[in-house]
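coords below, sequence missing:
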């Protein structure tokens, strides 16, 4: 049995991003942490009311909707794959995977599961097929389910085709079940990723 790996001073540089459309399989991206430009999970604000004696009472405001996560990607095709994103934003009645791939604007929306993983095992490629580090590797993972791809903004900044994509989700489902969880370990193996509720 090997010794546990110490947690690093910070999680930076390498990140594994997994995206799965509901009913599909994960597509994994070897990502750079700096290309995750926003992680606005949610707010739990309060408001106060002044009393006649100058004191204040606190009213807890219901959790605000998270603004989600924004990723910078570099698409090279229109397929629904690790090289393309537009067909996720405009889901077709049947995914087009035959050249030439054609993606029409649609009114449809899919729901997604998003997984972000930082681990001392990266950039090693020996993670298992589900993107789970081996035992005794330090890791930090964020998972969100029932997310929507709400923004797809292509650009040619730095004279390269890139796009910023934003996924958003409600903090809770109708029954109060959480749509996001965060985990860390440096001894045991992380559990399998959450499934859609």
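Received, thanks. Computed from a predicted structure; not experimentally measured. Residues are numbered from 1 along each chain as shown.

alpha carbons only for contacts and neighbour counts from here, please
Fine.

Helices along the protein, start to end?
In the chain, the helices defined using DSSP state H lie at 86-89.

Identify the residue nearest residue 144 in space, chain neighbours excluded?
In this structure, residue 144 finds its nearest non-sequential neighbour in residue 180, 4.3 Å apart by C-alpha to C-alpha, 6 or more residues apart in numbering.

cool, and residue 76?
residue 83 (5.4 Å).

Repeat that for residue 162.
residue 74 (4.4 Å).

cool, and residue 29?
For residue 29, the spatially nearest residue (C-alpha to C-alpha, 6+ apart) is residue 17, at 5.1 Å.

where do the strands sit along the protein?
Applying DSSP state E to the chain gives strands spanning 14-21, 27-32, 36-40, 46-50, 56-60, 68-73, 111-119, 139-155, 162-168, 180-185.

deepest of these, which one?
strand 111-119 (a mean of 23; mean count of other C-alpha atoms under 10 Å).

what's the worst-scoring helix or strand of the chain on mean pLDDT packed up against?
Lowest on mean pLDDT, DSSP states H and E among the helices and strands of the chain sits strand 36-40, with a mean of 80. If contacts are counted by 3 or more C-alpha pairs under 8 Å, 6 or more residues apart in numbering; DSSP states H and E, strand 36-40 sits against strand 68-73.
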